[in-house]
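*Asks:* Make a model of this:
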Amino acid sequence: MDAKAERSKFIQGQKQKVQELEKKIKKLKGAMKEAAQKELEELESQQEAELAAFEGVPGSSADGSADKAKGAEPEMSLKELSKFKDRGNWNGLSKKELEDDCTERGLGKKGGKEDLIQRLIMFHQDLQLKLKEAAANGEAPVADEKDDDDEDEEEDDEDDDDDEEEEEDDMPEVDDEELEKQAKREKAIQKAVKFLLTDKCSDGFPLSELVQKLEMVNVKGFAPEKLGYKSVEKFVRGQPENVLRYRRKEQMILPPRK
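*Replies:* Numbering: from 1, shown residues only. Sure thing, here's the model as predicted:
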C-alpha cells in the first residue's frame with residue numbers, strides 16, 4: 001500500500017470513530033450527552049495529533065507532547081478490552097477506585113467523580129457495540145478458558161443486560177456528597193461480607209440470607225438503597241470478585257476468588 005492510500009485509510013478510520021460517537025450523542029440526554037460531547041472534543045483533538053504524528057510532523061504525537069509517537073503504547077486489542085467488567089453501578093465506587101478503573105482501561109482520569117463515571121459508562125457502551133459488530137462479522141475475540149463458575153456468571157450478565165438498561169433510568173440522581181456517603185457505606189458492607197465468606201460461611205449462602213448473615217457480624221439495618229442500589233441482588237451483582245462471587249441461577253453468594 002502506497003503512502004497516499006495508507007493516509008486515506010488512516011483518515012477514514014478516524015472519521016468513522018467520530019461518526020459513531022456523533023450518532024451516539026444524538027440518542028443521549030442530560031449529563032450523559034454532555035460527557036459524550038466532551039469525549040468527542042477530546043477525540044477530535046487527539047486525532048489531529050495522531051494525524052500529525054502519522055505524517056511525521058516533528059514534535060507531534062497523539063497526546064500533543066514532543067517526540068512520543070514512537071514510544072506510545074499500542075491500543076489494546078478487542079480481546080484484551082473484553083476482559084474488563086462493567087460493574088453496572090459505578091456510583092458505589094470511590095473516586096480513587098474510579099480513577100484506577102479508568103487507568104486500567106486506558107481512559108483519562110482527570111475530572112470529578114461524575115465525569116469518571118460517565119467516561120466508564122461510555123467506554124462499556126462502546127465496547128458492547130464493538131463486540132456486537134465483531135460477532136456480526138465473524139471476528140468475535142476468542143475467550144480464554146474459564147471454569148464453570150465463570151461461564152455461569154457470564155451467562156447471567158448477558159441475561160441481565162436488558163434489565164439493567166430498563167432500570168437504570170429509575171435510579172434517583174444524587175449529589176456528590178451523597179455519592180461519597182454511599183461509597184463509604186458500601187466499603188463497610190464489603191468488609192463485612194468478605195469476612196463472612198472467608199471466616200464464617202466458606203461454602204457461601206443463599207442471597208435471601210444476606211441480611212440475616214450480616215446481622216451475625218453486627219451489621220444491622222442493611223438497605224441497598226443507602227448504597228445506591230435498587231435491590232439486594234443489584235448490590236450483590238455489582239460487587240467485584242475480590243469481595244464475592246454470585247451465581248444468579250442458584251441465587252448463591254460465594255466466597256471471593258483467591
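*Asks:* make it CA atoms for all contacts and neighbour counts henceforth
*Replies:* OK.
*Asks:* residue contacts, Leu214?
*Replies:* The contact partners of Leu214, by C-alpha atoms under 8 Å, 6 or more residues apart in numbering, come to Ala192, Val193, Leu196, Lys220, Phe222.
*Asks:* okay, now Glu209: neighbour count?
*Replies:* 11 (other C-alpha atoms under 10 Å).
*Asks:* Assign it to helix, strand or coil.
*Replies:* helix (DSSP: H, G, I helix; E, B strand; the rest coil).
*Asks:* mind giving me the domain ranges of the chain?
*Replies:* Domain assignment for the chain, taken from automatic domain parsing, gives 1-74, 76-144, 176-254.
*Asks:* In terms of mean pLDDT, which of those domains ranks lowest?
*Replies:* When these are ranked by mean pLDDT, domain 1-74 comes last with a mean of 66.
*Asks:* Skipping its backbone neighbours, what lies nearest Gln239 in space?
*Replies:* Leaving aside its chain neighbours, Gln239 sits nearest to Arg87 (7.2 Å; criterion: C-alpha to C-alpha, 6 or more residues apart in numbering).
*Asks:* Can you report how many residues neighbour Phe84?
*Replies:* 13.
*Asks:* residue contacts, it?
*Replies:* Phe84 neighbours (C-alpha under 8 Å, 6+ apart): Arg105.
*Asks:* State the phi and psi torsions of it.
*Replies:* phi -80, psi 130 (degrees, to the nearest 10).
*Asks:* thinking again about what came up before, and the contacts of Leu214, which are buried?
*Replies:* Buried residues within the contacts of Leu214, counting neighbours by 16 or more other C-alpha atoms under 10 Å: Ala192, Val193, Leu196, Phe222.
*Asks:* Do a quick rundown of the strands in the stretch 101-250 of the chain.
*Replies:* Secondary structure of the stretch 101-250 of the chain (DSSP state E, counting those that start in this stretch): strands at 205-206, 245-247.
*Asks:* mind listing what's buried in stretch 32-45?
*Replies:* If you call a residue buried by 16+ other C-alpha under 10 Å, then stretch 32-45 has these buried ones: Met32, Lys33, Ala35, Ala36, Gln37, Glu39, Leu40, Leu43.
*Asks:* now stretch 211-221
*Replies:* So for stretch 211-221, counting by 16+ other C-alpha under 10 Å, buried means Lys213, Leu214.
*Asks:* got it, and stretch 199-211?
*Replies:* Cys201, Gly204, Phe205, Leu207, Leu210.
*Asks:* cool, and stretch 114-129?
*Replies:* Glu114, Asp115, Leu116, Ile117, Gln118, Arg119, Leu120, Ile121, Met122, Phe123, His124, Leu127.
*Asks:* now the residues you listed in JSON lines, with distance to Ile253?
*Replies:* Formatted as JSON lines, those follow (distance: C-alpha to C-alpha, whole Å):
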{"residue": "Glu114", "distance to Ile253": "30"}
{"residue": "Asp115", "distance to Ile253": "32"}
{"residue": "Leu116", "distance to Ile253": "29"}
{"residue": "Ile117", "distance to Ile253": "26"}
{"residue": "Gln118", "distance to Ile253": "29"}
{"residue": "Arg119", "distance to Ile253": "30"}
{"residue": "Leu120", "distance to Ile253": "26"}
{"residue": "Ile121", "distance to Ile253": "26"}
{"residue": "Met122", "distance to Ile253": "29"}
{"residue": "Phe123", "distance to Ile253": "28"}
{"residue": "His124", "distance to Ile253": "25"}
{"residue": "Leu127", "distance to Ile253": "28"}
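*Asks:* circling back to that earlier point, from the contacts of Leu214, which ones fall inside helices?
*Replies:* Ala192, Val193 (DSSP state H).
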